[in-house]
Structure formats: C-alpha cells, structure tokens
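Asks: for reference, the sequence and a predicted model appear below.
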Amino acid sequence: MNTSATFLGPVNELPAEGSEKPLSHQSAVDCCASLFSDSSLIFDVSRSGVMVVSNPQETEIFQQFDLEIPEGESEPKVRWGEDAFDIQLQGLFRDRSAFETLSDASEPEDYVRRFLEVLSSSLDEPTIGHDGATIPLIRWEADESGEAARVQLLGLLLADEKQFETFCQSQGSDLGLIFEDAEVQAHGLRETLTVMALLGVTLGSATQAEAGLFKFKERKAQRALAEQQQMMQQQAIQKRQAAIQEAQRTGYLDMHNDAYINYQLLEADKSSERQVIVDVARQRAYLLVGNQIAIDTAVSTAREGKHTPRGEFKITQRVAQGKTSTIYGCDLPYWQRLDQSAIGMHVGDLPGHAASAGCIRLPHSVAPVLFANTASGVTVKVVDQWGQQELQQGGGQQGNMVVAQVVERAGDS
C-alpha cells in the first residue's frame, strides 16, 4: 500500500545532493522527519518565552513538497513544488506572557505544549492556503534543570482529515502525539482536529492567523525576475535565449556556455599529474595537466544558506550514469565524490550564480570531458579564490604561465 503526504520543508536544512542518508520507510511523516533530522532550527522554551537559537533575526524558506512511499520500492519518492514561504521564526513568538503563567511545578512537556499553542496561534493558514490541519513536525528534549525544553523544527505536515486520521492510527517509532491517546479516543475526528489546534503532537501543532509573518514566494518567478534584472543589454538577452533553447534540447541550463577545453593538451599529455581547482569566488573550475590549464569552466557551488567545503580532497567514487539523489529526486550524471563526503562534482543547472545544495555543478557539455580525463585518487582543491600559483615556475616567472586556450579537436566545428 502506498503512503503519501504533503509538507512544507525548510529547504536550507537539507543535506547536500550527494548525501546517502537513509530515509525512513515507516510512513511519510517518519520519512520527512529523517529527511530533516539534522535541522538547525532550534528553539529554547522557558518561562521567559521562546528564543530561536539558530537565526533569530533571519527568515527561513519553507517549500512545499510531496512524499510518497510506494509499496515494494526501495526508495521514497520526493516531488518538490513551486510554492514557498518566508517565515521569520522569532516573529512567531512575540507574546511572552503565555509562558509567564508556567510555574515551578510545570513539567518540560508543559513547556512544549505551550510552545505549540503559541505557534498554532501565529501560523498564517489563509496565506498558506491549506484547508486542513497544518501540523509542525518537532522533536524536543527537556533541559537538565527541568525548567525549560529545547525544540527542533523538522517541517510542517499539510494534512487533510483522512491523512490526519491515518496518522493518529499509525503513528509510532519515536514520533507520537503530545496529548494522551485517551484524548484522541474520547473525541471524534473533527473534535480531534480541534484538540490538535490547541495541543498539537510531538511532531506538531495546527494553525491560526497573524497577518504579515509570511511573504508568499514563488521561486520560479523570482529566478526569472533576477535573471531579467541581470540582463539589461540585448546581447545578454540573446545569450539567455540561446541557453534556454540548449536546455530544452539537453535538459540542463548553462547561462555561461563559455568553457575552454584544450583537447590537444588532453590527448597529447597522458602522463602528467592532473588536479582540479574549484574557485568559489569566481564560480570557475580548472583541470590542470602538469602546469597547464586543460579545462576552464563555469560551475555552480552552494547557494546562500548551504556550504561547499573548502580544502583538498581525493576523488573516491565515480559513476558516469545511474547515480540519483533520493532527496532531490534528480539524476547526478558523471558523479565524482570528494573523499567520503556527501559532496561531489556532477552535471547540473548553471543559472549564472551559486545555486547548489553543496555540490559542484558542472555544465552538461563539460562534465563528460572532465570525467574522461580524471580518475579515482585525483586531487580536487576547493578554495575561496585561486591565485594560479600552480601555474608558476622558476621563482614565479610570469613567462612560464600557460593561459587557458581553446584548441579544437580535429573534425570539431
């Protein structure tokens, strides 16, 4: 039997594309919890109120997605939608008076209940546009003093009545209702939804309205607007049109289309040491053969809120075709893993800026060439900015520097 549900997830809390974190198959709710198990959205709850530990002054993007666990299949299916919301987390807990009524006799669970009650009165359900229950998925633990609790936010379940009933009947593992089972059994389904709106679950709470906390964001429209602002001249517009036509043909966007590949050097020099340099500031990558640049290409590294690690790595895993991301539901052609991390180089969209979840995206036209001219054990250096010191010899004489150049292969047009 397939199980599925719709969620809003804090997308900046996802691991990198190459992560192989196992996802729970027990239910869609458990799967979402395992997907965001490393979430840094942490709240400290006490009689003084709620404090966001991670980023109290910033907003978090919660994007809608569907999770399905097909019967008999090995991996859950994740399908990302276009709807997303900016949530200013500290703004959800402006009313501190609700926590001042807690006493020395209050248990940590009472703090969590009050946290969920305030959250339920702050979420803006009309803006989200969901008719059923909007249930935050949380984990929590008691403070050692017993006078506070720490809450981790994992996402928001958008449940209709049938899904909520199924959840109440099947909830298990380390996820459960914050109120006693007797409270559920003593009510019908509609009354139980009302109980949820007041008390929530150890995964969540429901919603009421407070205007102005959410700003609707449609990510596709934002990208189109940003690209339009960046391309004021007709020449840039024409370049974008050409890039879109190429993406329709190949399935991948490359707003740069300016890679340099010295095929002659690659074919003539098979014995020299090879290494890859990734310059994060310039969003470029270089394949060095000896002290010469054989490939110079645009890349896309981690977007704001995500991180591409810096340092020196070795290529440890290479998969030309068949590698997929279970989290993002996309293929990762010409995958090359860095050390034992979840980060790798692979084909992906290059929208003209850093846009990945941590990996190093390569143009579809360059990745196969880079893959064919590297191997396991090849060094990959990821640096903030590369000064091309590797190209200098003889005390740094500039005359020994070989600048990237395009050398066409015989028969190429």
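Replies: Nice, thanks for sending it over.
Asks: and the residue nearest to E75 when sequence neighbours are not counted, how many neighbours does it have?
Replies: Distance criterion Cβ to Cβ, 6 or more residues apart in numbering; nearest residue to E75, sequence neighbours excluded, is T326 at 4.9 Å. Any C-beta I mention is one placed from the backbone N, CA and C, and that applies to glycine too. For T326, the number of neighbouring residues by other Cβ atoms under 10 Å comes to 17.
Asks: again, but for E71
Replies: Neighbour number of E71 under other Cβ under 10 Å is 7.
Asks: a strand runs through it, doesn't it?
Replies: No: read with DSSP: H, G, I helix; E, B strand; the rest coil, E71 is coil and lies in no strand.
Asks: do you know how far the residue nearest to E75 is from D349?
Replies: 19 Å (Cβ to Cβ, to the nearest Å).
Asks: re the thing from before, you'd agree the residue nearest to E75 is up against V78?
Replies: Yes: T326 lies in contact with V78 (Cβ atoms under 8 Å); the separation is 7.1 Å.
Asks: dump stretch 281-295 to CSV, restricted to CA.
Replies: Output of stretch 281-295 as CSV, limited to C-alpha atoms (Å, rounded to 0.1, in the frame of the first residue of the first chain):
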residue,chain,number,x,y,z
ALA,A,281,34.6,33.3,-5.6
ARG,A,282,34.8,33.2,-9.4
GLN,A,283,32.5,30.2,-9.7
ARG,A,284,35.0,28.5,-12.0
ALA,A,285,36.8,25.2,-12.1
TYR,A,286,40.0,24.2,-13.8
LEU,A,287,41.6,20.9,-14.8
LEU,A,288,45.4,21.2,-14.7
VAL,A,289,47.6,18.9,-16.7
GLY,A,290,51.1,19.5,-15.4
ASN,A,291,51.3,23.3,-15.1
GLN,A,292,48.8,24.0,-17.9
ILE,A,293,45.1,24.6,-17.9
ALA,A,294,43.4,22.0,-20.0
ILE,A,295,39.8,22.8,-18.9
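Asks: avg pLDDT for that stretch?
Replies: In this model, stretch 281-295 has a mean pLDDT of 94.
Asks: OK, contacts around A16?
Replies: Residues in contact with A16 (Cβ atoms under 8 Å, 6 or more residues apart in numbering) are K306, S341, A342, I343, S356, A357, G358, C359.
Asks: using CSV, lay out these together with secondary structure, pLDDT and neighbour count.
Replies: Converted to CSV, those look like this (DSSP: H, G, I helix; E, B strand; the rest coil; pLDDT from 0 to 100; neighbours: other Cβ atoms under 10 Å):
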residue, secondary structure, pLDDT, neighbour count
K306, coil, 93, 20
S341, coil, 94, 16
A342, coil, 94, 19
I343, coil, 96, 26
S356, strand, 94, 21
A357, coil, 93, 24
G358, coil, 95, 21
C359, coil, 96, 28
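Asks: so what strands line up beside the helix or strand encompassing A84?
Replies: Per DSSP states H and E: A84 is located in strand 77-88. With DSSP bridges as the test, strand 77-88 is paired with strand 59-69 (antiparallel), strand 214-218 (antiparallel).
Asks: how about the CA coordinates for it, as CSV?
Replies: The C-alpha coordinates for strand 77-88 follow below in CSV (Å, rounded to 0.1, in the frame of the first residue of the first chain):
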residue,chain,number,x,y,z
LYS,A,77,9.8,9.5,-3.8
VAL,A,78,10.2,13.2,-3.2
ARG,A,79,8.5,15.7,-5.6
TRP,A,80,9.2,19.4,-5.0
GLY,A,81,6.5,22.0,-5.8
GLU,A,82,6.9,25.7,-6.6
ASP,A,83,5.1,27.2,-3.6
ALA,A,84,7.3,28.5,-0.9
PHE,A,85,7.0,30.9,2.1
ASP,A,86,9.4,33.1,4.0
ILE,A,87,8.9,32.6,7.8
GLN,A,88,10.5,34.9,10.3
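Asks: which is the next helix or strand following it?
Replies: With DSSP H and E, the next secondary element past strand 77-88 is helix 97-100.
Asks: for that next one, packing partners?
Replies: Counting contacts by 3 or more Cβ pairs under 8 Å, 6 or more residues apart in numbering; DSSP states H and E, helix 97-100 is packed against helix 108-122.
Asks: sort out which residues of the helix it packs on are buried, please.
Replies: Of all the residues in helix 108-122, those buried under the rule 16 or more other Cβ atoms under 10 Å are 108, 111-122.
Asks: hmm, back to that, what residues of the strand holding A84 count as buried?
Replies: Applying 16+ other Cβ under 10 Å to strand 77-88 flags V78, W80, D83, A84, F85, I87, Q88 as buried.
Asks: now swap in stretch 284-301 and tell me
Replies: Neighbour counts over stretch 284-301 (16+ other Cβ under 10 Å) mark 284-289, 292-301 as buried.
Asks: cool, stretch 331-341 as well?
Replies: Those would be L332, P333, Y334, W335, Q336, R337, L338, S341, for stretch 331-341 by 16+ other Cβ under 10 Å.
Asks: okay, the third one: pLDDT?
Replies: Reading off the per-residue confidence, Y334 sits at a pLDDT of 97.
Asks: I figured it hits V369, correct?
Replies: No: contact criterion Cβ under 8 Å: Y334 and V369 do not qualify, at 9.3 Å.
Asks: so which of the buried residues of stretch 331-341 comes closest to L23?
Replies: Distances from L23 to the buried residues of stretch 331-341, taken as Cβ to Cβ, are shortest for L332 (16.7 Å).
Asks: appreciated, that's everything.
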